[in-house]
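Engineer: fold the following for me, if possible:
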Amino acid sequence: MTISSYHKILPCFTSLLLAISLSACQQSPNQAMDVPTVPTASTTASTAVSTTASVAASSPAPTLKANVSQQFIGTSLVQQRLKQALPEIAYTTDNLPMVAQQVNQVSWSPTGAIDLPAMPASAVAASQAASTTSASATPSVTGFQSTIDYAALKQSANDNPSSVANKDALPSKQVFIKPDELLVFKTQALLNWHGHSVGALTGIMNKNTIKAMQIFQQKHNLPVTTTMDEATWSALTSNETLNKQPIFINYQLTRDDLVITKAPKDMQYKSAREAVAEKFHMSQKLVSRLNPTTPLKAGNVITVYNPYQPNMTEVTKVVSDKKKNILYAYAASGELVASYPTTVGSNYTPSPSGTLKVKNRVLNPTYNTDFSSKEKWLPPGPNNPVGRAWIGLSKRSYGIHGSPEPELISAQKSHGCVRLTNWDALSLYGTIADGADVVFE
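Structural biologist: Numbering: from 1, shown residues only. Predicted coordinates:
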């Protein structure tokens, strides 16, 4: 790839000044999604996909504190780097909104129906009565079948509140999520916790979620589908530790959560909603949907997604599938321990081919396009062009890094680098080994 000018970053460590050249990553329309094929030993030399029923990263140590996510208590280099990159999140599940309780308890059945154990019987009855007079119903999300007509239920409750015996047990008018979405939220959470990132949590069965599900299916030798089925749901929920984790939680905001700026060259968050969304790996729209009347101010308690624990197994090899926008991460044993949706180069600014090596890593990098001018330096921050983390490769100007726009991952193109959400980049920053192979296919 020919690049007219090299871009550079410096780490923000007090005792270390390391210059790394890299290319800026521009956005352009993405291509249609293809069904991912997990690389196997025949396509990636000695790497083999393990078919074991559990993921090492999904079994936290028994000494972890309750109601705290992103805990890293080990003494290994991986644990220490993860602790540096991802802050602990203390939360509660007390007084959760009804919709959050339903997401935490929702289940899929072999018939394709959605089981809502937290749904009051009066609400089900109201839904059935209202559906007979409703002219239209909200379409289901691809892959899920709902037995409760939430569109009709909502209209009935609004038009005739007395038709619902327990109105307080229903989702509020502002926080209203269809059963289909409830199940997608749980599916997205379980895939994340198994190590297969879906990007920003949205409640939508989007391309990144389907890709993550298909990778999970291939890893476990299951039929590859675009919809949920009994075998996939059984495998997703087979880990008791993961299955009992709350998807939605309550969290009390602090001043540190809301560091924002309006300065043009400052790379911090531009809004409180953006800051909260990224901290909790979710879309900004979902932050607003879950907290329609709660100001995002320090001291307030809000409902958010629970990131739980990322992969904590050391990664010795990653494979970038440039066509499908997926990064596969492998342990030294050859087991696939994580996967991430990516943005890679376009035809005009392609990503490299072949095998490179991890040469360095930088947490919270600065950024510049011209070392001759101090005016062109950009400070570190989540909205820096390379995000919160940079993993430099053995070919000049190439790396794996974060993104200032995590919701656009896999829906854009780069100038040749591998772009991840900031939280996925931080996770990989912690786990990838020095000298690890980076294979571009």
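Engineer: can you tell me how far Arg361 is from Ala433?
Structural biologist: 10 Å (CB to CB, to the nearest Å). Yep, even glycine has a C-beta here, placed from its N, CA and C like the rest.
Engineer: grab the nearest non-local neighbour of Tyr91.
Structural biologist: Closest residue to Tyr91 apart from its sequence neighbours, by CB to CB, 6 or more residues apart in numbering: Ile249 at 4.0 Å.
Engineer: pretty sure the one you found is in a helix, no?
Structural biologist: No: counting by DSSP: H, G, I helix; E, B strand; the rest coil, one finds Ile249 to be strand, located in no helix.
Engineer: so for Ser351, what's the pLDDT?
Structural biologist: What the model reports as pLDDT for Ser351 is 78.
Engineer: quick one: it and Arg419 touch, right?
Structural biologist: No: Ser351 lies out of contact with Arg419 (CB atoms under 8 Å); the separation is 10.2 Å.
Engineer: what do those two both touch?
Structural biologist: Val344 (CB atoms under 8 Å, 6 or more residues apart in numbering).
Engineer: so which of these two has more stuff around it?
Structural biologist: Arg419 (33 against 21; other CB atoms under 10 Å).
Engineer: residue contacts, that one?
Structural biologist: 25, 342-344, 387, 400-403, 409, 412.
Engineer: just those residues: which are in strands?
Structural biologist: Judged by DSSP state E, strands contain the following of the contacts of Arg419: 400-401.
Engineer: dump the contacts of Arg419 to JSON lines, plus neighbour count, pLDDT and distance to Thr209.
Structural biologist: Listed next are these as JSON lines, based on neighbours: other CB atoms under 10 Å; pLDDT from 0 to 100; distance: CB to CB, whole Å:
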{"residue": "Cys25", "neighbour count": "26", "pLDDT": "45", "distance to Thr209": "23"}
{"residue": "Thr342", "neighbour count": "27", "pLDDT": "96", "distance to Thr209": "15"}
{"residue": "Thr343", "neighbour count": "25", "pLDDT": "90", "distance to Thr209": "16"}
{"residue": "Val344", "neighbour count": "27", "pLDDT": "88", "distance to Thr209": "19"}
{"residue": "Gly387", "neighbour count": "30", "pLDDT": "94", "distance to Thr209": "22"}
{"residue": "Ile400", "neighbour count": "27", "pLDDT": "96", "distance to Thr209": "22"}
{"residue": "His401", "neighbour count": "29", "pLDDT": "95", "distance to Thr209": "23"}
{"residue": "Gly402", "neighbour count": "29", "pLDDT": "95", "distance to Thr209": "20"}
{"residue": "Ser403", "neighbour count": "28", "pLDDT": "94", "distance to Thr209": "18"}
{"residue": "Ile409", "neighbour count": "24", "pLDDT": "95", "distance to Thr209": "12"}
{"residue": "Gln412", "neighbour count": "19", "pLDDT": "70", "distance to Thr209": "18"}
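Engineer: quick check, nearest of the contacts of Arg419 to Asp266?
Structural biologist: Nearest to Asp266 among the contacts of Arg419 is Gly387, at 14.8 Å by CB to CB.
Engineer: give the closest residue to that closest one in space, chain neighbours not counted.
Structural biologist: Gly402 (2.1 Å).
Engineer: and Phe216, that's in a strand?
Structural biologist: No: according to three-state DSSP, Phe216 belongs to no strand; its state is helix.
Engineer: that one: how many residues sit nearby?
Structural biologist: For Phe216, using other CB under 10 Å, the count is 24.
Engineer: so what's it up against?
Structural biologist: So Phe216 contacts 191, 194, 196, 222, 232, 235-236 (CB under 8 Å, 6+ apart).
Engineer: quick one: which of Arg361 and Ala433 has more around it?
Structural biologist: Arg361 (22 against 15).
Engineer: so the more buried one lies in a strand, does it not?
Structural biologist: Yes: applying three-state DSSP, one finds Arg361 inside a strand.
Engineer: what about it, distance to Arg419?
Structural biologist: In terms of CB to CB, Arg361 sits 16 Å off from Arg419.
Engineer: follow-up on the earlier one: how about the contacts of Arg419 in JSON lines, adding distance to Trp423?
Structural biologist: Formatted as JSON lines, these follow (distance: CB to CB, whole Å):
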{"residue": "Cys25", "distance to Trp423": "17"}
{"residue": "Thr342", "distance to Trp423": "14"}
{"residue": "Thr343", "distance to Trp423": "15"}
{"residue": "Val344", "distance to Trp423": "19"}
{"residue": "Gly387", "distance to Trp423": "10"}
{"residue": "Ile400", "distance to Trp423": "14"}
{"residue": "His401", "distance to Trp423": "13"}
{"residue": "Gly402", "distance to Trp423": "8"}
{"residue": "Ser403", "distance to Trp423": "10"}
{"residue": "Ile409", "distance to Trp423": "11"}
{"residue": "Gln412", "distance to Trp423": "17"}
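Engineer: closest to Lys322 out of the contacts of Arg419?
Structural biologist: Val344 (4.9 Å).
Engineer: give me the distance between that closest one and Gly199.
Structural biologist: Where Gly199 is concerned, Val344 sits at a distance of 14 Å (CB to CB).
Engineer: give the other helices and strands that the longest helix seen in the chain contacts.
Structural biologist: In the chain, taking DSSP state H as the definition, the longest helix is helix 179-193. Counting contacts by 3 or more CB pairs under 8 Å, 6 or more residues apart in numbering; DSSP states H and E, helix 179-193 packs against helix 98-105, strand 114-115, helix 207-219, helix 230-236, helix 240-243.
Engineer: list the buried residues for the fourth one?
Structural biologist: For helix 230-236, the buried set under the neighbour-count rule, 16 or more other CB atoms under 10 Å, comprises 232-233, 235-236.
Engineer: put the alpha carbons of it into PDB.
Structural biologist: Taking Å, rounded to 0.1, in the frame of the first residue of the first chain, the C-alpha atoms of helix 230-236 are listed here in PDB:
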ATOM      1  CA  GLU A 230     -32.400 -25.000  20.300                       C
ATOM      2  CA  ALA A 231     -28.800 -26.300  20.000                       C
ATOM      3  CA  THR A 232     -27.400 -22.800  20.000                       C
ATOM      4  CA  TRP A 233     -29.500 -21.600  22.900                       C
ATOM      5  CA  SER A 234     -28.600 -24.700  24.900                       C
ATOM      6  CA  ALA A 235     -24.900 -24.100  24.300                       C
ATOM      7  CA  LEU A 236     -25.100 -20.400  25.100                       C
END
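Engineer: mind giving me the packing neighbours of it?
Structural biologist: helix 179-193, helix 207-219.
Engineer: distance of the nearest residue to Ala272 once chain neighbours are set aside relative to Asp256?
Structural biologist: Distance criterion CB to CB, 6+ apart; nearest residue to Ala272, sequence neighbours excluded, is Leu296 at 3.8 Å. Per CB to CB, Leu296 is found 13 Å from Asp256.
Engineer: those two: who's more crowded?
Structural biologist: Leu296 (19 against 10).
Engineer: burial count for Pro379?
Structural biologist: There are 16 residues near Pro379, going by other CB under 10 Å.
Engineer: good, wrapping up.
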